[in-house]
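*Asks:* Mind looking at a prediction? Sequence and model below.
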Amino acid sequence: MHVKIQTSPKSNSNKGSSVAVFNYLEKEDLQKENEALRNNKIPDQREAFFDHKNDRISKTEAIQKIDSNNKGVGKDQSKFYTVTFSPSSEEQKDLIKKSTGKNANSIDELSKEELKNYEKELQKFTRSSMNEYSTNFTRKNPLKDGNDLVYAAKIEHTRTWKGIDKEVKNQLHKSGEKKGGLNSHIHVVVSRKDINQKTKLSPMNTRRKEFNLNQYKVKTEKAWDKQTGYNRRIEDRADYQMAASKDKAKSTTAELTTDPNKKLEIQKEMISEWNDKNQLSENNKELVHDIKPSFKEEEKEVEKKQPEQNQNRSNDHDQEIEY
């Protein structure tokens, strides 16, 4: 699970209206409409946005929600942020199997009803993650849950190759070409102010340390696992991967260790050291809000994966929103 919070220089760092970002988030709908018209077919209804309570809201409603909720925010301050959740292909495949019964390698393999069931689970995950977002801020008067936020979200299922990608530079793919495989992700446009417009919420304000992004990444991953029953190996945990990126020598030692008990010992030690450096405890990383599992627990063995699959996360970790 990859989590990214950002503003965009293409929209003046989100200092004005949210119109540009919501127009951008309809790009998949426009592509489908153009494709249908080229084939002399009637386009399907556009996919709606959703928020913490409503499964369907229009783009106009989404824009109004964000643009009318900025009381007291300076003209040179960001009015909103975009949170992007990008499950790995393995996480997506597991959820599709549990929600539809299919072993799918592409979203195109799902029927409309199966896609609806899959997206219902993605909506549920988004709301759970926004519950954790609300309580991840360090505040004297903390928010209670996602109902205290103002946001609108959109599920997308495609990614495209960019000119900066090495695969494009090496002429393996063309810029603008769709990426293969499973590429579902969720964009959430969330207001800087809470729903009562009394509190500024700045997840990118590292100077005041009011939002611990690393802690939030761990919690969103736990929210996914609790809801879907995903059997996550320690190598695929966010805290371990962040620890490994900071200690290459020890992570290499862990990879080369053949004794599974010794390997696990090294990995747990790395996580513990990472916790200390980030002033986190295992208790800090626990979910604040209860999540009801969507599926019955099943006893199953952990699948053996090739080493390169350990890094099989999102196809688009560093892609910024372009609008």
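*Replies:* That came through fine.
*Asks:* Might you report the residue contacts of the residue nearest to the spatial centre of the chain?
*Replies:* Taking Cα atoms, centre = their mean as the criterion, Phe85 is the residue nearest the geometric centre of the chain, at 0.7 Å. Applying Cβ atoms under 8 Å, 6 or more residues apart in numbering, we find Phe85 in contact with 1-3, 125-126, 129, 185-186, 188, 220. In short, each C-beta sits where N, CA and C put it, glycine included.
*Asks:* Tell me which of the residues you listed fall in strands.
*Replies:* For the contacts of Phe85, the ones inside strands are 2-3, 185-186, 188, with DSSP state E as the criterion.
*Asks:* List just the nearest of those residues to Asn69.
*Replies:* Each of these was checked against Asn69 using Cβ to Cβ; the closest is Val188, at 14.4 Å.
*Asks:* In the chain, what helix or strand scores lowest on average pLDDT?
*Replies:* helix 27-38 (a mean of 78; mean pLDDT, DSSP states H and E).
*Asks:* Residues contacting that helix, please?
*Replies:* Applying Cβ under 8 Å, 6+ apart, the contact partners of helix 27-38 are 42-44, 46-47, 156-158.
*Asks:* Can you name every helix or strand that the helix or strand just after that helix contacts?
*Replies:* Next along the chain after helix 27-38, taking DSSP states H and E as the criterion, comes helix 59-67. Under the contact criterion of 3 or more Cβ pairs under 8 Å, 6 or more residues apart in numbering; DSSP states H and E, the helices and strands touching helix 59-67 comprise helix 19-24, strand 151-156, strand 185-191.
*Asks:* Would you quantify the distance from the residue of the chain most remote from its centre to Phe295?
*Replies:* Counting by Cα atoms, centre = their mean, the extreme residue of the chain relative to its mean C-alpha position is Asn40, 35.4 Å from that point. Taking Cβ to Cβ, to the nearest Å as the measure, Asn40 falls 41 Å from Phe295.
*Asks:* Can you get me a residue count around Asn212?
*Replies:* Residue crowding around Asn212 was assessed by other Cβ atoms under 10 Å; the count is 20.
*Asks:* The chain should start at 10 in everything you say after this.
*Replies:* Sounds good: first residue 10 from here, last item Asn221.
*Asks:* Help me confirm that it comes into contact with Asn145.
*Replies:* Yes. Between Asn221 and Asn145 there is a contact at 6.5 Å, judged by Cβ atoms under 8 Å.
*Asks:* Identify the bridge partners of the residue nearest to the centre of the chain.
*Replies:* Taking DSSP bridges, one obtains Val12, Ile195 as the residues bridged to Phe94.
*Asks:* residue boundaries of the helices in this protein?
*Replies:* 28-33, 36-47, 68-76, 98-109, 121-143, 175-178, 222-237, 247-255, 257-265, 269-286 (DSSP state H).
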